[in-house]
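Engineer: quick one, what's the 3D model for this:
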Amino acid sequence: MGVATRDAVLLSAFLAAVVAAPSIRNEFVADDQWVVANRQVLEHPPSAGAVLKEPYWPASFGGVMWRPAVITSWALDYRVSSSPHWFHAVNILWAAIATALFALLACELAGPAVGLIVGVLFAVHPVHVEAVANVVGRAELMAAAGYAAALVCAIRAGQGRMYLIGVVLGAALAIGSKEIAVTLPAAVLLVYVAKRSPLRGGAAWRPVVAATLPILVYFIVHRFVGIRTFYGGGLAVGLEHLNILQRTWAMVPLSLQWWRLFLFPAHLSADYSPGELTVSTGLTVWHVVGLLCWIGLGTLAWKTRRTIPGIAIGLAWVVITISPAANIVMPSEFLIAERTLYLPSFGRFKRDGDPVVTAPGGGGGDCRPRRRDPKHRPRAGLARRRGPLSGLAA
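Structural biologist: Okay, here's the model as predicted:
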């Protein structure tokens, strides 16, 4: 008996909520204290417009970054309760929604069996703790939910124009929650490649345009709301005064931390500062290991691109979605942050899900029934070898 898409989605969402449930006991911690707690414009907003124009970081912290969707969600939370437990409860809901949408996306890409595996792994992975357990982590959850919803609608865009509207709304939610959504148009092309759909013509490009429009509007409107920058600060300590090539080289050994957190998250930390990591632009053993790691992954993805395409698609997903936090093109004020791995981690699970169901005895990637091609006829020799009892197996 096959796995139904609905079952894969609901089970993944339920499991994500169960795993995140203990966080409801948390208070406001770390950045919650400055971004969410005791913030008058959220507790007692003078108008809806004031909330929409409010920067993510309050004026006392520079008044930088514009994330109107997540700021609005906190203002709505205050209409219900000012208790931190309520805010954490809403975070749990968003975690369940995001997990359900990623499970649905995996079902659309590779069938319900893969969707179930990906959804369950995504629901329980330890690297998601920071994004779920801190109230400010809601930016990651909402952005990821919008991102996944837009991609599901992009895949279904050929079924009707309403799905193109879904792409626009998902992209708007994602970019209004966090700047990582700038990579969404590239991800739309990636899922079309994953579905082996032709990129020529309007089938793929209409969803790309639909995903790009809200992002362009965000950048245009951003100029008029009086917030001067798109990120919280300068480059992370140790990366200052380095050009793009030097930053890229410095991040090669540090990128090993991404894979450690994806694959072996035995040690988690809220702070990966220079006290925890060493920034180097020289040639070290870890530079060599980092290069070998990326070369090995790239080679594996290339050699299995036809037999197990999920490996190549998963690796491409990680590269695309982690790029805003990689300190190479877009600057950030941290070297590594676990919360920024919430969205990229889907690629790690997609990479692992396909080999499981495509292995011998794995059950196949798509459990949906397939209609037999009426033009197909078995070869006569094969039919003769089956013998007179072959019809019993039909």
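
Engineer: and the helix ranked longest in the chain, what does it pack onto?
Structural biologist: Secondary structure of the chain per DSSP state H: the longest helix is helix 84-110. Here helix 84-110 touches helix 5-20, helix 68-80, helix 112-124, helix 129-133, helix 138-155, helix 184-194, helix 345-358, going by 3 or more CB pairs under 8 Å, 6 or more residues apart in numbering; DSSP states H and E. Using the backbone N, CA and C atoms, a C-beta is placed for each residue, glycine as well.

Engineer: which neighbouring elements make contact with the first one?
Structural biologist: When you say that, I think you mean helix 5-20. helix 84-110, helix 112-124.

Engineer: which one of these has the most crowded surroundings?
Structural biologist: helix 112-124 (a mean of 26; mean count of other CB atoms under 10 Å).

Engineer: packing partners for that helix?
Structural biologist: By 3+ CB pairs under 8 Å, 6+ apart, helix 112-124 packs against helix 5-20, helix 84-110, helix 345-358.

Engineer: Gly176: which of these is closest?
Structural biologist: helix 84-110 (13.8 Å; CB to CB).

Engineer: what's the angle from the closest one to helix 5-20?
Structural biologist: 150 degrees (axes from the mean of the first three to the mean of the last three CA atoms, to 10 degrees).

Engineer: let me know the angle separating helix 84-110 from helix 112-124.
Structural biologist: Using the same axes, to 10 degrees, helix 84-110 lies at 160 degrees relative to helix 112-124.

Engineer: tilt between helix 84-110 and helix 68-80?
Structural biologist: Going by the same axes, to 10 degrees, helix 84-110 makes 140 degrees with helix 68-80.

Engineer: so, low pLDDT: which residues of the stretch 251-394 of the chain?
Structural biologist: 271, 273-275, 350-394 (pLDDT under 70).

Engineer: out of the helices and strands packed on helix 112-124, which gets the lowest mean score?
Structural biologist: Of all the helices and strands packed on helix 112-124, the minimum mean pLDDT falls on helix 345-358 (a mean of 66).

Engineer: which residues of the stretch 201-350 of the chain fall in helices?
Structural biologist: Along the stretch 201-350 of the chain, the segments classed as helices by DSSP state H, counting those that start in this stretch run 202-222, 244-254, 256-263, 285-303, 309-322, 345-358.

Engineer: nearest to Val329, out of those?
Structural biologist: helix 244-254 (7.2 Å).

Engineer: if we can go back for a sec, select, out of the helices and strands packed on helix 5-20, the one closest to Asp31.
Structural biologist: helix 84-110 (12.8 Å).

Engineer: quick one, that closest one and helix 309-322 angle?
Structural biologist: Angle of helix 84-110 versus helix 309-322, following the same axes, to 10 degrees, is 140 degrees.

Engineer: what's the offset of helix 84-110 from the middle of its chain?
Structural biologist: 11 Å (CA atoms, centre = their mean, to the nearest Å).

Engineer: and what of stretch 13-31?
Structural biologist: 19 Å.

Engineer: list the buried residues of it.
Structural biologist: Buried residues in stretch 13-31, defined by neighbour count with 16 or more other CB atoms under 10 Å: Ala13, Leu15, Ala16, Ala17, Val19, Ala20, Ser23, Ile24, Asn26, Phe28, Asp31.

Engineer: same check, this time on stretch 40-54
Structural biologist: Val41, Leu42, Pro45, Val51, Leu52, Lys53, Glu54.
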